[in-house]
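Participant: Got a sequence here, can you model it:
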Amino acid sequence: MRAFLAIAASVAFITAAVAQPKPASPDPATPAVTTPNSPNNAGAPAAGANSFTEGQAKSRLEDSGFSNVSDLTKDQNGVWRGKGSKGGKSVDVSVDYQGNITPR
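Facilitator: The predicted structure is shown next:
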């Protein structure tokens, strides 16, 4: 009985060690969501499954200084795209799944 328990415990330990999740990004320094103090990803807007709602994307843009945010739609790459104003200029803007804001 002890041998069986020792084998079962070993199998459970090995299974747990092998089943460790891998990071979503190959670069662990890349955050899942950017914060106001972190720089935009140089490759932004990044394609990916975007969990931001339209309201959250709009709020993120407004918190970054954009006003008159409108026409937000999520494209086939999961990037929210729309229009906004900043510094008196109307620009196209996007918010990717990491929260990166990219004006064009």
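
Participant: What about L61? Give its phi and psi, please.
Facilitator: Taking degrees, to the nearest 10, you get phi -60, psi -40 for the backbone angles of L61.

Participant: List the contacts of it.
Facilitator: The neighbourhood of L61, defined by CB atoms under 8 Å, 6 or more residues apart in numbering, consists of V69, G82, G84, V93, V95, I101. Backbone N, C-alpha and C define where each C-beta goes, glycine included.

Participant: Give me the packing partners of the strand or helix carrying the second one, helices and strands only.
Facilitator: The reference is to G82. Element membership for G82, per DSSP states H and E: strand 80-86. Contacts defined by 3 or more CB pairs under 8 Å, 6 or more residues apart in numbering; DSSP states H and E place strand 80-86 against helix 54-63, strand 67-74, strand 89-95.

Participant: can I get the CA coordinates of it in CSV?
Facilitator: Presented in CSV, the C-alpha positions along strand 80-86 are these (Å, rounded to 0.1, in the frame of the first residue of the first chain):
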residue,chain,number,x,y,z
TRP,A,80,-10.6,48.8,-31.7
ARG,A,81,-10.4,51.6,-34.3
GLY,A,82,-12.2,54.9,-34.4
LYS,A,83,-11.7,58.7,-34.5
GLY,A,84,-10.7,61.2,-31.8
SER,A,85,-9.4,64.6,-31.2
LYS,A,86,-6.2,65.7,-29.4
